[in-house]
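>>> Build me a model from this:
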Amino acid sequence: MAEQRRPRPEEAAAWGSLVTTARRTVTDGLVVGTSGNVSVRVAEVVLVTPTGVPYDRLGPDDITGVDLDGHQVLGTLRPTSELPMHLTVYRAFPAAGAVVHTHSVHATAVSTLVPELPPIHYMTGALGGPVRVAPYATYGTEELADNIRTALQGRTACLIQNHGTLAHAPTLERAFTDSAQLEWMSHLWLTAASVPGHPPHLLTPAQVREAGEKLSRYGQGATD
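Residues are numbered from 1 along each chain as shown. Below you'll find the model as predicted:
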């Protein structure tokens, strides 16, 4: 284990935001109990929720951090058992500043039915295109991490077969929002697809690309 040290101010602040986000995954119904996990990258340190600890019990002294090789550098609580999936995202996608992994009901249901979530809504474009399903592997394994990395190529979110979801983004807020959006789109598709004799209308690849380009300029910081 790498030498332990006290958290720097920026790490302590990021930990506070991580705990707030982790608690939101519970209150917004994206996870139950201690399922799911959240991480945020601060320079070369990955702060991550610890394994088996309810999020409402986490405080400033529970900060848990590892380096990009998985060696613990902050705290004494053991990191989430899903650490490999978080680390593979940070290594493979330099723009990733945060990862949110959930076990949301509708998205997990979709992961058992199709190889990707059909483009039922234009917000598909915000995630890079139709959201793929990473094939099942035992949780916490390098095999699962590899499957997730492949499913995320060209995307910022994926479904995980018979398991849940993962979203990465430059910020925790965006990763959480994309996770919630993925659950909403999954619920929407399941609802539309349940009407007998009426297959839902889906967007074309061109429509998804156009929406994605427009969404990339959405918000108060947009110039057009």
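>>> Buried residues, the biggest helix by length in the chain. List them.
The helix that spans the most residues within the chain, counting by DSSP state H, is helix 172-193. By neighbour count on 16 or more other Cβ atoms under 10 Å, the buried set for helix 172-193 is 172, 174-176, 178-183, 185-190, 192. (Each C-beta comes from the backbone N, C-alpha and C, glycine too.)
>>> do the same with stretch 195-209
Buried residues in stretch 195-209, defined by neighbour count with 16+ other Cβ under 10 Å: 203, 208.
>>> How about stretch 62-77?
For stretch 62-77, by 16+ other Cβ under 10 Å, it's 63-66, 72-75, 77.
>>> any idea which of these is closest to Val38?
Of all the buried residues of stretch 62-77, Val38 sits closest to Thr64, with 11.0 Å by Cβ to Cβ.
>>> residues contacting that closest one?
With contact set as Cβ atoms under 8 Å, 6 or more residues apart in numbering, Thr64 has these partners: 47-50, 72, 74-75, 77-79.
>>> Three-state assignment for the residue of the chain most remote from its centre, please.
Here the chain reaches farthest from its C-alpha mean at Gly197, the gap being 34.1 Å by Cα atoms, centre = their mean. Under DSSP: H, G, I helix; E, B strand; the rest coil, the three-state class of Gly197 is coil.
>>> From Leu30, how far off is it?
To Leu30, Gly197 is 32 Å away according to Cβ to Cβ, to the nearest Å.
>>> just Asp146 next, same as before
Look at Asp146 and Leu30: by Cβ to Cβ, they are 24 Å apart.
>>> Looking at these two, which is more packed in?
Set side by side, Asp146 and Leu30 show more neighbours around Leu30, with 24 against 16, by other Cβ atoms under 10 Å.
>>> was I right about the more buried one contacting Ser179?
Yes - in this structure, Leu30 is within contact of Ser179 by Cβ atoms under 8 Å, at 6.1 Å.
>>> Now the common contact residues for those two.
Taking Cβ under 8 Å, 6+ apart as the contact definition, Leu30 and Ser179 share the neighbouring residues 102, 104.
>>> what about the strands in the chain?
37-42, 45-48, 65-67, 72-74, 98-102, 116-117, 131-134, 157-160, 164-169 (DSSP state E).
>>> I'd like the mean pLDDT over the fourth one, please.
Per-residue pLDDT over strand 72-74 has a mean of 96.
>>> which residues are in contact with that strand?
Strand 72-74 has contacts (Cβ under 8 Å, 6+ apart) with 1-5, 7, 11, 45, 47, 63-67, 79.
>>> go with 7 Å
Applying Cβ atoms under 7 Å, 6 or more residues apart in numbering, the external contacts of strand 72-74 come out as 1-2, 4-5, 7, 11, 45, 63-67, 79.
>>> can you check the last one too?
For strand 164-169, contacts defined as Cβ under 7 Å, 6+ apart pick out 36, 85, 89, 93, 96-104, 107-108, 148, 156-160, 175, 178-179, 182.
>>> do that again at 6 Å, thanks
Contacts with strand 164-169, where a contact means Cβ atoms under 6 Å, 6 or more residues apart in numbering, come from 89, 96, 98-103, 107-108, 148, 156-159, 175, 178-179, 182.
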